[in-house]
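Undergrad: Mind folding the following:
(chains A and B)
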Amino acid sequence: MNRMNRIIDGVKYFLILMVLGLFLFPVYWIFRLSLAPQSLVYDPSIFFFIPTLKYYKEILFSRTFIFSMNYIHYFLNSLIVSTLSTVMALIIGALAAYAFARFKFKGSRNLEFYILSALFAPPAAFIVPIFLLLRTFGILDSHFGLALVYLIFNIPFTTWMLKSIFREIPVEIEEAAMIDGCSTLQVLTKVTLPLAKTGIGAAAIFNFILSWNEYTFASVLTATRATTLPVTLGTFVSSGVKPIYWGYAATSTVLVMLPMIILAFIIQKHLVRGLTLGAIKG
Amino acid sequence: MAQRLTPYFFILPAVFVIFIVTIYPMLFSLYLSFTNYNPNIGVNEFVGFENYLRIVADPEFFNAACFTAFFTSVGVTIEFLLGFGIALLLNSNLRAASIFRLLILIPLMVSEIVTGVIFMLMYQPGMGIIDYLLSSIGFKNILWLSDPNLARWAVVIADIWNWTPFMTLVLLAGLQSLPTEPFEAALIDGASKLRTFIHITLPLMRNVILVALLMRLIFSLKTFGLIMGLTAGGPGVATRNLSLVIYLQAIRFGNMGYASALSWIFIIIVMILGTLLVRVLTRMGEST
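TA: Predicted coordinates for the structure are as follows:
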C-alpha cells in the first residue's frame, strides 16, 4: 500500500512538472530571447551562453533606440496612471465597501450590483463615447483622464474585495469605539482601516496590476503625453517583426511583465479573493 | 435621521463616478448609434435604425460574431477542463504543492498584449521556437499566423496559456474550502474516487464553478490586446472578434455611429451573462 502511494505521488509529480514546464516555457523563452546574442536567437538547443545586456541598455538608456521611443517617459506614465487610479479607487471603494459591509439600508443590494456591473463593460464598446467625453473635457491623452477611466474596473474590484475583508473584522471593536464617541468616519479611518491594512494593501496591488496591464483604453485614449508601456508593445506588431527586432520585442515585454509577476507573488494569498470579487477566500 | 443617511453618503462617490464612466457613456453611445456621426468625413445626421439594419446584413459583423463564439466557447471550455485537472493535482497533499501553486500563477500576471507579443514571436515561421520544435519532430512548414484556420487556433492556444491559471487558482481555492465530513462518510461507505468526485465534489463546488465560468466568459468576450499583439485580426479578417471590429470601425474608419450600434449589441450580450453571474454571487453571499 505504501509503495502504491509512492507510485501515485510519483505520477502526480511527473504530471505537475510537465504542466508547469508547458506553462513556464513561454516566459523562459522570452527571457532567453531578451538576453541571447543575435546569433543564438533561433537555436534552442544551446542552454548556456554568455548573456548580453545590449537590448536592455539600448531600450532603457538610449534615445536613438530603434523605434526612437523614450522608455523612461512611458515607464513613468504607467507608474503615474496606475498609482493615481489605485489611490482614487481605494478611497472611493473603501467608503462604499464599508457602507455595504456594516449598514443595512434600502436599496443596498441593487447599489452593490450597480457598482459591480461596471466590471462587465467591454472596453471596446466604450471607446467611442469615452473618447468623445474625454475630448469634451480636454483630458484626452492625460494621466488623470486615463486613471479616471480605469476606475471602471478598479472601483468594482476594490469595493467587492474590501467588503469581504471588512466583514471579517469583529463588529464589537468598532462598537467600542462608537461608545467612546467616535463618528462613523472616525471609526472607519482610526479602527477599521488599520485593522484591514493587509487586505487593503492587497487590494492596492491588485488595482495597480490591473491598471498597469490595461491596453485597450490606453491605446485609444492616449497619443504621446500619457502613453503607457503596454501601448508601446503595439509598435512591434505593426513593424512586422523581422528577426533583428526580436531581441527588442522580447526585452520590452520582459520589462512590462516582470514587475507585475513580482507584485503578484507578494499578494499571492489574496489573489483569489480579488479575482473572485471576495466570493472565494482562497 | 442623519444616521440613516450615513451609508448613502459613503457610497455616493462610487455611485457618481461609475455613473460618469459607464452609464453616461452608454447613454451617449445609444444616442450616437442612431446617427451616422463620422468626424473623418464630417457627417452627423440622425438616421434612425439604419445602423442596426446594417449590422444584420454586415458580413464582417457575422464573421466577427462567429469568431468570438468560437474563441470563447472553445477557449473557456479547454481552460475549465485543464484548470480543473491541474487544481485537482495541486489539491493533493504533495510536499511541493505550495511552490507549484505559486509558479502556476505567473501566466495570469502576464497582460493580454504581452501574451500576444510573446506568442507572436514564438509562432514566427522558420525561426520561431514553435516552428523550430515542430519541424524537428517532422511537422514542417506549419504557418500558424498566415493560415486562417491555424491562426484562429493560435489565438485560442495563447488565451489558454494566459487564463488556465485563473481557473486553476479559483477552483483550487474552492476545493480547499470544501467541508471534510462528506468525504469521510464516502470513504467509510467504500465509494470509489470517481463516484465521490461526481456525487460529492461537483455538487459542493457548483457555485464556485459557476463563478469561475461566468467570469471567464465575460473576460473572454472582452478580449482585445491578445489579438492585437498576436495577429492584429489577420490574416485577412480571420481573427477579428467583436472588440476588434468595433475598434476598427471607430478608430480606423471614424464610423462612430455604426461602431456605437455594434457596441450596444455587444453590451447587451455581456449584460445577460453579467446578470447571471450576479445571481450566483448573491446566492454565495447568502450561504456564508
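Undergrad: Can I get stretch B:128-145 in PDB, CA atoms only?
TA: C-alpha atoms of stretch B:128-145 as PDB (Å, rounded to 0.1, in the frame of the first residue of the first chain):
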ATOM      1  CA  GLY B 128      10.200  30.900 -34.200                       C
ATOM      2  CA  ILE B 129      10.600  28.400 -31.400                       C
ATOM      3  CA  ILE B 130       7.300  26.600 -32.000                       C
ATOM      4  CA  ASP B 131       8.000  26.100 -35.700                       C
ATOM      5  CA  TYR B 132      11.600  25.000 -34.800                       C
ATOM      6  CA  LEU B 133      10.400  22.400 -32.300                       C
ATOM      7  CA  LEU B 134       7.600  21.100 -34.600                       C
ATOM      8  CA  SER B 135      10.000  20.800 -37.600                       C
ATOM      9  CA  SER B 136      12.400  18.800 -35.500                       C
ATOM     10  CA  ILE B 137       9.800  16.200 -35.000                       C
ATOM     11  CA  GLY B 138       8.700  16.200 -38.600                       C
ATOM     12  CA  PHE B 139       5.900  18.800 -38.800                       C
ATOM     13  CA  LYS B 140       7.400  21.200 -41.300                       C
ATOM     14  CA  ASN B 141       6.100  24.500 -42.600                       C
ATOM     15  CA  ILE B 142       3.100  25.000 -40.300                       C
ATOM     16  CA  LEU B 143       2.200  28.600 -40.900                       C
ATOM     17  CA  TRP B 144       0.500  29.400 -37.700                       C
ATOM     18  CA  LEU B 145      -0.200  33.100 -38.400                       C
END
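Undergrad: Quick one: the helices in the stretch 1-150 of chain A, in order.
TA: Assigned by DSSP state H, counting those that start in this stretch, the stretch 1-150 of chain A shows helices spanning A:2-35, A:54-61, A:71-102, A:108-117, A:123-136, A:143-149.
Undergrad: quick check: domain ranges of chain A?
TA: A:2-52, A:71-276 (automatic domain parsing).
Undergrad: To chain B, which of those domains lies closest?
TA: domain A:71-276 (3.3 Å; C-beta to the nearest C-beta). For every residue, glycine as well, the C-beta is placed using N, CA and C.
Undergrad: got the contact list for the closest residue to residue A:196 other than its chain neighbours?
TA: Distance criterion C-beta to C-beta, 6 or more residues apart in numbering or on different chains; nearest residue to residue A:196, sequence neighbours excluded, is residue A:165 at 5.2 Å. Counting by C-beta atoms under 8 Å, 6 or more residues apart in numbering or on different chains, residue A:165 makes contact with A:97, A:196, A:199-200, A:203, A:273, A:278.
Undergrad: From the centroid of the chain, which residue is nearest?
TA: Picked chain A for this. Nearest to the mean C-alpha position of chain A, by C-alpha atoms, centre = their mean, lies residue A:209 at 1.4 Å.
Undergrad: my bad, the chain I had in mind was chain B
TA: residue B:220 (1.5 Å).
Undergrad: My guess is it contacts residue B:72. True?
TA: Yes - between residue B:220 and residue B:72 there is a contact under C-beta atoms under 8 Å: 4.4 Å.
Undergrad: one step back: for my notes, please list the helices of the stretch 1-150 of chain A in TSV and give mean pLDDT, distance to residue B:213 and mean neighbour count for each entry.
TA: TSV is the format used below for these (pLDDT from 0 to 100; distance: least, C-beta to C-beta, whole Å; neighbours: other C-beta atoms under 10 Å in any protein chain shown):
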stretch	mean pLDDT	distance to residue B:213	mean neighbour count
helix A:2-35	90	20	15
helix A:54-61	85	40	17
helix A:71-102	95	25	22
helix A:108-117	90	17	18
helix A:123-136	94	21	22
helix A:143-149	97	28	23
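Undergrad: can you list those in CSV and add distance to chain B?
TA: Formatted as CSV, those follow (distance: least, C-beta to the nearest C-beta, whole Å):
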stretch, distance to chain B
helix A:2-35, 5
helix A:54-61, 13
helix A:71-102, 4
helix A:108-117, 5
helix A:123-136, 4
helix A:143-149, 6
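Undergrad: so how many other residues sit close to the closest residue to residue B:250 other than its chain neighbours?
TA: Leaving aside its chain neighbours, residue B:250 sits nearest to residue B:259 (3.7 Å; criterion: C-beta to C-beta, 6+ apart). For residue B:259, the count of nearby residues is 29 (other C-beta atoms under 10 Å in any protein chain shown).
Undergrad: Let me know which of the helices of the stretch 1-150 of chain A is the nearest to residue B:33.
TA: helix A:123-136 (9.4 Å; C-beta to C-beta).
Undergrad: Buried residues of the host helix or strand of residue B:268, list them for me.
TA: Residue B:268 is part of helix B:256-287 when elements are defined by DSSP states H and E. Neighbour counts over helix B:256-287 (16 or more other C-beta atoms under 10 Å in any protein chain shown) mark B:256-267, B:269-270, B:273-274, B:277-278, B:280-281, B:284 as buried.
Undergrad: Can you tell me which of the contacts of residue A:165 has the most neighbours?
TA: Most surrounded of the contacts of residue A:165: other C-beta under 10 Å gives residue A:97, at 33 neighbours.
Undergrad: Pull the contacting residues for residue B:121.
TA: Residue B:121 sits next to A:30, A:33, A:241, A:246, A:249-250, B:128 when contact means C-beta under 8 Å, 6+ apart.
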